[in-house]
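# This is a predicted model, with the sequence first.
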Protein chains: 2
Amino acid sequence: PCVAKMHERVQAPPSRPPAAPSGGGLSSGRRSSAHMRRGSLVFGLAAPTHRMNSFDSLDYEEAEHNFIKARLDLPPAAQQKVQLRILILTSALMLVVGMCVGSISYFITFLVEVITTWKWSFVMGAEWDAGNFGLAYLYLMACVTGLTVIAALLTMWAPQAAGSGIPHVKSYLNGCKLPDILSMPTLIVKVMGIALCVAAGLPVGREGPMVHAGAITAAHASSILSKGLSGKIGRDYGGFDNDFHRRNFVSMGAAAGVAAAFHAPIGGILFSLEEVSSFWDPTLTLYSFICACLSAFMVSTWEEIEGENQATSAIHATSSHASATPAGVSEGHDGGHGAFIIWRTADAQLNHLSYRAWELLACLLIGSICGLLGGTFNWLNMQLTILRKRMYNKRPRLRVIETIVSIWIVTSTFFWIPVTYPACAPTLNSTSSAFSMISSPQCERDHMSEMATLLLQNSEAALKQLLSRDAPGYFSPGPLALFSALYYLTALLIYGTAIPSGLFVPSMLTGAGIGRLIGELMASAIGHLPGVDIDPGTYALIGAAGLLGGVTRMTISLTVILVEVTKDIDLMLPIMFTILAAKLVGDRFTKSIYEIHIELNGVHLLDVHDLPRPLMLAPARSMMASKVKCLLERESVGTIETMLSSCTHNCFPVTDDTGFLIGTTTRVKLEACLRDARESRGSASKGEARDPVRRATIRRAPGELTRAATSCNLHKATSCNLHKSRGVGG
Amino acid sequence: PCVAKMHERVQAPPSRPPAAPSGGGLSSGRRSSAHMRRGSLVFGLAAPTHRMNSFDSLDYEEAEHNFIKARLDLPPAAQQKVQLRILILTSALMLVVGMCVGSISYFITFLVEVITTWKWSFVMGAEWDAGNFGLAYLYLMACVTGLTVIAALLTMWAPQAAGSGIPHVKSYLNGCKLPDILSMPTLIVKVMGIALCVAAGLPVGREGPMVHAGAITAAHASSILSKGLSGKIGRDYGGFDNDFHRRNFVSMGAAAGVAAAFHAPIGGILFSLEEVSSFWDPTLTLYSFICACLSAFMVSTWEEIEGENQATSAIHATSSHASATPAGVSEGHDGGHGAFIIWRTADAQLNHLSYRAWELLACLLIGSICGLLGGTFNWLNMQLTILRKRMYNKRPRLRVIETIVSIWIVTSTFFWIPVTYPACAPTLNSTSSAFSMISSPQCERDHMSEMATLLLQNSEAALKQLLSRDAPGYFSPGPLALFSALYYLTALLIYGTAIPSGLFVPSMLTGAGIGRLIGELMASAIGHLPGVDIDPGTYALIGAAGLLGGVTRMTISLTVILVEVTKDIDLMLPIMFTILAAKLVGDRFTKSIYEIHIELNGVHLLDVHDLPRPLMLAPARSMMASKVKCLLERESVGTIETMLSSCTHNCFPVTDDTGFLIGTTTRVKLEACLRDARESRGSASKGEARDPVRRATIRRAPGELTRAATSCNLHKATSCNLHKSRGVGG
């Protein structure tokens, strides 16, 4: 008697091209068709279709729930009271989330610093200084292998912690939940793993993973609060334990993660808004504002506490080397610490450079080059990932071995290049030389080794070196070119292995190398002309902006993050021009690295505005299946249990006694309802599946089947079709 | 034979409360119920219901048009070609819009400067310096009266140019078009009027009106392009001349306006995103990025051109007075010019102040005070506007008289207070004293008059004075308190009169006065304690942020604008804390000033996410009317003409021959179609209404009546109901 037909069977094979956007003049423009083909290639080749059954699509509809309607029927005074309580609870939660995320970020930096210090001071520093390169290499390799083996094994335990996590968070916020991406083990592995990998000196950043860490923290906070919300409020409000609220919390958490990692609260919010969130509730602006603000504040507070501790313990101060000793040691306390800050307030007296109009053209040029390089990076990384997926799909343990081998290659390169080609340069005494430089036994006194400075310390310290102002000729073109090429290739190799790894800092570092190279070349070529005053440090920043833009295709958020990180607001316009060129050029060739990895994960990002083309042209009936399992408004626990175990459907129509469709409910909700029923046997003995089903059921008078119901169905139709390849009737 | 019932009759009386948001935990929270009542009061009292018939609601649906579907059916190569052309056209347009908006902003500043110089140098400067206050007053009054009478008469011609324009743009982007808000006369009046009023020295800002000016420019550019789009592209693409695209252009234009006015490209985009736009197409991020970037760049270019001209013409340089002469003259070239910039790069060497943790508490306190004052401001202004609307609804000419009288009061106060209470203070020689100060004949040599400095020059110059750093004791508490109170009251009086006027700078100035007052008091009270280093200039900035936050309730965009304007990124966190406190406190009492004025205009802002409560609980049938006018898929021009002239309906169902509903079309679209038909009589002689109706008609197979169609209807239902009080069957 089930009148409505449901939509779980796959009409379109999964290899169907992932849809051109309907592309108005202001829509994504020409980007589509080139990637449609490439996209379908990806889908056909490497998408792990066998895992898609574990994906879950989320249901964000809330406004139709009966308990919300019931609350709206309360008298205004009672409503106000409920809302006030909710506001207080939410604010308290925001506070907790902000503080946790800030603390996690600080904890990672702390761990990195401790391990790096240990690595340099006690393992290989002495041998390096003495010129015993063989021994130093052995020690370093042992150390790096130990660290990364731990990280890789941890990642085996929680595989979703690999990579940057931004693709995962982005697909979650788009409505497709991969298994375990918001679980506690993932958080732990992410935090520990990224600290170990950064400390090992690999070309990975800790900023991307902080987005994932922030998202997990916020999602857990939301669940915890929701469990604590019992009694009247819980009943009135229904808790936060639904997809609608969890999505908002995850968006906030992502914002807080970036805010903490870069000490860039506004950049964090914009990152969440522009890059990871597909939906943005207007009220989220305020809440993520609070959350990001607190998380950045927390990092400052921890730094202040550490600064005080340090001042009292003189031991720490004397054990750190002078400025010509290895970086990991002497650095750490003067530069960004806790958060990634290029210049602190005290250093910000560096000359604020203005620029000339013609330099904007140079920015456009550098941006275009970086866009090209970024596009190539994405394409190469995609090919590499496809290769990896093909090879290791069935033997996941091989991945660990591949990871270790990759890391050995990277570490060996990073070690032997500075030994064979130290590229000594005199140490500078300008303000910017406060940053860490690495001397080499092959260089004279008061000289540093350019290659060692760039390759052997952790990436944030090297980045600061490249961005130093007022120091033309600080780096020579040869080492810069070699460094950029090396870093580009190693970052390419590492992103996609079985360790947590972010791409922000590696991209920035490579870009800064390229930018500084161009700057130094320009300075020596036209620097003598009147009215020309080229600071290679500025060009390094421009290059960093360009390559990061070319790889990630972010615009506003990237601009703001860079301005917040460098504290140099005067360069905003040149940075914007660069990023613009990089994005426009890069979009000709590939999608952003995150979107590529989302597709490689087998997830298809749904565009909020544009229906995928095949769906747009297909009539609704082509997505309907006749063998659906229907539920009545009231069903016994037994019936539901039998039905759930007898089929793999994920979505069930609910009808009234006459077979008229009332709405739909999902497997997740039914399972939650069964758990509820089992827990409260007393009332469940009547055999009625209670609250959740009632809540999930969309009740409407026949004439009212309008927006919410149909959009819910449509959403399901699109996401189910693409993700649930073995649904109903298959 | 019309089966479908339509929805144009008002079921709910217009005095029905404007709906509580359904308020989830993360939704707007407690804000709703208090304002529901106040809102209904407003609606019942002063909403100009008799004008609502001229409102038009917009139709943003695009994806369902047949011509889009047809384009999707093109082969990929052809699609790519069309999209490339569109991309190039759009980019070119973006360039033009950005440059126009930048130039308009520069033009306003230029005009302000010329008039101010003339006012001071040739009209009253000499008399003021000589101490002939009576004569100076007469000259000033004549001058101000002349300027504002012109502005007020212009505003009579284009009444929508009054006020800041942000409420208008915001309601347009929410889907409700007031008549003439995007017309060319409005633009002209806005630009001329605001220049005259700012030059007259009134407490008005030119930043808000730039939002409106930018929006109009962009809307016109979109229409022009669309008319130029003929031939194949026009056919393939269908032009930009629809609500969907115009909305995007208007959002971009608003961003460009703020970007140009404040020289804050990122702030502009965020302002458009957070404050004025109800919908945000993800691709808008990139396009508004380009647009804002160019508009800020254009302002810089104009400034550079002017700087060069100035260097060559020595006459200009010698005619300007020394630093102790009236402000309008000596200022203008050192400080913000073209754009509102507090410190330029050269001045930015001012010490970048860091802050201590306890000062964040002070920020929270100042923020709360400012939130309270901002809420009060909004409430008082609302009462005043209601009063005005009541009095002048039937005699609009009285408004001009009221405006002139208000301006007389303000100008007299601003003149006589400095004369009677000059509050002399020594001129400072610190870096910050490069800004303009006004001497008074009542003060000694090398002394300035505090009150004259604050009240007699234009507001941006006064703001720079208040924000000057490194100058504790520069202003005394007495004058600061008097000034803040005066400015608060006069800004309150002026906003709502019949002249263009922005609220940004007046709010900031008042807030800066309050903040500096608190800072000076704190410095004298606890400045001697160890470890306390209070700079009142910082507190002035905090105060400015707080009051602007309390009045406008912006968060992210305000933070970014302030950081971009002051070039002081280190104070971001304190600014965020302040704005947060101001918003949270202010939201307890009133809505933002813009939302209040939107309601006072009779527009009801629709929440994208939350259906208004009465609509949520009402079944769809209660909004249906039976006497609708239906159209078949093909109708003759004559039928349509007769029908349009015989009724006031705005929305018409389209049915097939059997009377089955296919979709809806609107009066605007039908009128466009009739125009088309008249223009191309040749083909129209067959009597067929061609393209536009075909395009506008939503064609669907019976089973496919899904999201788009119903959401369109729902949207119409809500907006029509509230705006079209004399629709069908009334």
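Sure thing, it's come through. Numbers count the residues shown, from 1 in each chain, chains lettered A, B, ... in the order given.
# Residue A:512: neighbour count?
The number of residues packed near residue A:512 is 34, by other CB atoms under 10 Å in any protein chain shown. Glycine gets a C-beta too; all of them are placed from N, C-alpha and C.
# got the contact list for it?
By CB atoms under 8 Å, 6 or more residues apart in numbering or on different chains, the residues touching residue A:512 are A:463, A:466-467, A:540-541, A:543-544.
# Could you single out the nearest of these to residue B:508?
Taking CB to CB as the measure, residue B:508 lies nearest residue A:541 of the contacts of residue A:512, at 30.6 Å.
# Would you mind measuring from the spatially most central residue of chain A to residue B:260?
The residue lying closest to the centre of chain A (CA atoms, centre = their mean) is residue A:166, at 2.3 Å. Look at residue A:166 and residue B:260: by CB to CB, to the nearest Å, they are 34 Å apart.
# among the contacts of residue A:512, which are in helices?
Mapping the contacts of residue A:512 onto helices (DSSP state H) picks out A:463, A:466, A:540-541, A:543-544.
# Now render the residues you listed as a markdown table, adding neighbour count and pLDDT.
Formatted as a markdown table, the ones in helices among the contacts of residue A:512 follow (neighbours: other CB atoms under 10 Å in any protein chain shown; pLDDT from 0 to 100):
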| residue | neighbour count | pLDDT |
| --- | --- | --- |
| A:463 | 27 | 86 |
| A:466 | 30 | 85 |
| A:540 | 30 | 91 |
| A:541 | 31 | 91 |
| A:543 | 33 | 95 |
| A:544 | 32 | 94 |
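# Name the pair among the residues you listed with the greatest separation in space.
Maximum pairwise distance among the ones in helices among the contacts of residue A:512 (CB to CB): 11.2 Å, between A:463 and A:543.
# So which residues of chain A form strands?
Per DSSP state E, chain A carries strands over the ranges A:56-57, A:176-177, A:424-426, A:447-449, A:631-632, A:651-655, A:661-666.
# Nearest to chain B among the ones you listed would be which one?
Among the strands of chain A, strand A:661-666 comes nearest to chain B, with 13.4 Å by CB to the nearest CB.
# How about the closest one and chain B, any contact?
No: using CB under 8 Å from any CB of the partner chain, strand A:661-666 stays clear of chain B, with a minimum separation of 13.4 Å.
# ok, back up a step: and the strands of chain A, which one averages the lowest pLDDT?
Ranked by mean pLDDT, the strands of chain A bottom out at strand A:56-57, with a mean of 70.
# Let me know the outermost residue of chain A.
In chain A, residue A:658 marks the outermost C-alpha relative to the chain mean, sitting 48.9 Å out by CA atoms, centre = their mean.
# how far away is that one from residue A:664?
17 Å.
# likewise residue A:559?
According to CB to CB, residue A:559 stands 43 Å off from residue A:664.
# For chain A, name the helix or strand with the lowest mean pLDDT.
One helix or strand of chain A scores below all others by mean pLDDT, DSSP states H and E: helix A:707-723, with a mean of 29.
# Okay, now the unreliable bits of the stretch 51-200 of chain A?
Along the stretch 51-200 of chain A, the model assigns pLDDT under 70 to residues A:51-54, A:56, A:59-73.
# Residue A:559 and residue A:664: who's more crowded?
With neighbours defined as other CB under 10 Å, residue A:559 and residue A:664 compare such that residue A:559 has more, 27 against 24.
# Roughly how far does that one sit from residue B:576?
Distance from residue A:559 to residue B:576, counting by CB to CB: 18 Å.
# again, but for residue A:633
For residue A:633 relative to residue B:576 (CB to CB), the value is 49 Å.
# between these two, who's got more neighbours?
In this view residue A:633 and residue B:576 are compared by other CB under 10 Å, and residue B:576 has more residues nearby, 30 against 15.
# residues in contact with the residue lying closest to that one once chain neighbours are set aside?
Nearest non-adjacent residue to residue B:576, counting by CB to CB, 6 or more residues apart in numbering or on different chains: residue A:293, 4.7 Å away. Listed by CB under 8 Å, 6+ apart, the contact partners of residue A:293 are A:98, A:259, A:265, B:573, B:576-577, B:580.
# Helices of the stretch 451-600 of chain A, start to end?
Assigned by DSSP state H, counting those that start in this stretch, the helices in the stretch 451-600 of chain A fall at A:459-466, A:477-494, A:504-526, A:536-552, A:556-566, A:572-589, A:593-600.
# winner for burial among the ones you listed?
helix A:536-552 (a mean of 31; mean count of other CB atoms under 10 Å in any protein chain shown).
# Which secondary structure elements does that helix sit against?
Counting by 3 or more CB pairs under 8 Å, 6 or more residues apart in numbering or on different chains; DSSP states H and E, the packing neighbours recorded for helix A:536-552 are helix A:357-392, helix A:459-466, helix A:504-526, helix A:556-566, helix A:572-589, helix A:593-600.
# out of the ones you listed, which comes closest to residue A:77?
Closest among these, using CB to CB: helix A:556-566, at 41.9 Å.
# export the closest one as CSV, just CAs?
The C-alpha trace of helix A:556-566 is given here as CSV (Å, rounded to 0.1, in the frame of the first residue of the first chain):
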residue,chain,number,x,y,z
ILE,A,556,39.8,36.0,0.9
SER,A,557,40.7,33.7,3.7
LEU,A,558,44.2,33.2,2.4
THR,A,559,44.7,37.0,2.1
VAL,A,560,43.6,37.6,5.6
ILE,A,561,45.6,34.7,7.0
LEU,A,562,48.7,36.0,5.4
VAL,A,563,48.1,39.5,6.6
GLU,A,564,47.5,38.3,10.1
VAL,A,565,50.5,36.1,10.1
THR,A,566,52.9,38.6,8.7
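# In terms of secondary structure, what does the longest helix anywhere in chain A contact?
Secondary structure of chain A per DSSP H: the longest helix is helix A:76-118. When contacts are defined as 3+ CB pairs under 8 Å, 6+ apart, helix A:76-118 packs onto helix A:66-72, helix A:184-199, helix A:207-228, helix A:231-237, helix A:243-262, helix A:282-312, helix A:327-330, helix B:31-46.
# rank the ones you listed by pLDDT, which is bottom?
helix A:327-330 (a mean of 32).
# on that earlier part again, between the helices and strands packed on helix A:536-552, which one is nearest to residue A:130?
Taking CB to CB, helix A:459-466 is the member of the helices and strands packed on helix A:536-552 nearest to residue A:130, at 22.6 Å.
# how far is that closest one from where the chain is centred?
Put simply, helix A:459-466 sits 22 Å off its chain's centre (CA atoms, centre = their mean, to the nearest Å).
# Understood, closing this out.
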